[in-house]
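J.: this one's sequence-less:
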């Protein structure tokens, strides 16, 4: 783990808030009670494939150890990263969704959360590789994961994982697999 990652882990509960704010920003583990707010943030992102509200409740229960949430001054979720460890490749963390509430975008919060999550799971679970899928039109996610690889001095490879024709709606873009690693533990 780099010194910067160690600082993130140590400061996760007292991390300074967005650049313009002096309010504290808590980064922690999602709770079931956060499921509805996380669903709303995903819905309002207008770019994520929205899952059922029930699935976000389950995610907060069953995959909380491999996910993080940022809380605003009142304790309400303002951003999240969900992930899971691949059962057939326990060294790989799949980042499922990343979203930041509109009022908190443009301040690097997604990158902060991604760093905090990967530091947590690399240390606690031996994860050495990050995987995610991104559609070609999602430039924000491309920039997020490309900059993550650069910050961590880790190789990044890309390949189509699911061709658009596999999706039932017939208009889905291909999902491109981004594989980053090895990352430092």
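T.: Structure received. Note that the structure is predicted; figures quoted are calculated from it, not measured.
J.: Any regions of the protein where pLDDT drops low?
T.: Along the chain, segments meeting pLDDT under 70 span 1-24, 185.
J.: what comes into contact with the biggest strand by length in it?
T.: Criterion DSSP state E: the longest strand present in the chain is strand 89-100. The contact list for strand 89-100, computed with C-beta atoms under 8 Å, 6 or more residues apart in numbering, reads 38, 41-42, 45, 48, 59, 66, 70, 78-86, 109-110, 113-114, 117-118, 121, 125-132, 141, 144-145, 181. To be clear about C-beta, it is placed using only N, CA and C from the backbone, and glycine gets the same treatment.
J.: Narrow those residues to those in strands?
T.: Counting by DSSP E, the contacts of strand 89-100 place 70, 78-86, 129-132 in strands.
J.: could the residues you listed be laid out in a markdown table, adding distance to residue 173 and neighbour count?
T.: Shown next, in a markdown table, are those (distance: C-beta to C-beta, whole Å; neighbours: other C-beta atoms under 10 Å):
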| residue | distance to residue 173 | neighbour count |
| --- | --- | --- |
| 70 | 28 | 26 |
| 78 | 28 | 24 |
| 79 | 24 | 24 |
| 80 | 23 | 27 |
| 81 | 22 | 28 |
| 82 | 21 | 25 |
| 83 | 22 | 25 |
| 84 | 23 | 17 |
| 85 | 26 | 17 |
| 86 | 23 | 14 |
| 129 | 24 | 19 |
| 130 | 21 | 27 |
| 131 | 18 | 19 |
| 132 | 15 | 24 |
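J.: For residue 161, state which of these is nearest.
T.: Residue 161 lies nearest to residue 131 out of those, by C-beta to C-beta, at 8.9 Å.
J.: tell me the contacts of that closest one?
T.: Residue 131 makes contact with 86, 92, 93, 94, 95, 177, 178, 179, 180 under the criterion C-beta under 8 Å, 6+ apart.
J.: Next one: it from residue 116, what distance?
T.: Distance, residue 131 to residue 116, using C-beta to C-beta, to the nearest Å: 18 Å.
J.: what's the answer for residue 62, then?
T.: 20 Å.
J.: so how far is residue 160 from the most centrally placed residue in the chain?
T.: Nearest to the geometric centre of the chain sits residue 81, at 2.9 Å (C-alpha atoms, centre = their mean). As judged by C-beta to C-beta, residue 81 and residue 160 stand 23 Å apart.
J.: do residue 33 as well
T.: For residue 33, the distance to residue 160 - C-beta to C-beta - is 38 Å.
J.: in the chain, which spans are helices?
T.: Assigned by DSSP state H, the helices in the chain fall at 3-10, 35-45, 53-62, 109-125, 139-151.
J.: Tell me which of the ones you listed sits nearest to residue 28.
T.: helix 109-125 (9.1 Å).
J.: Thank you, goodbye.
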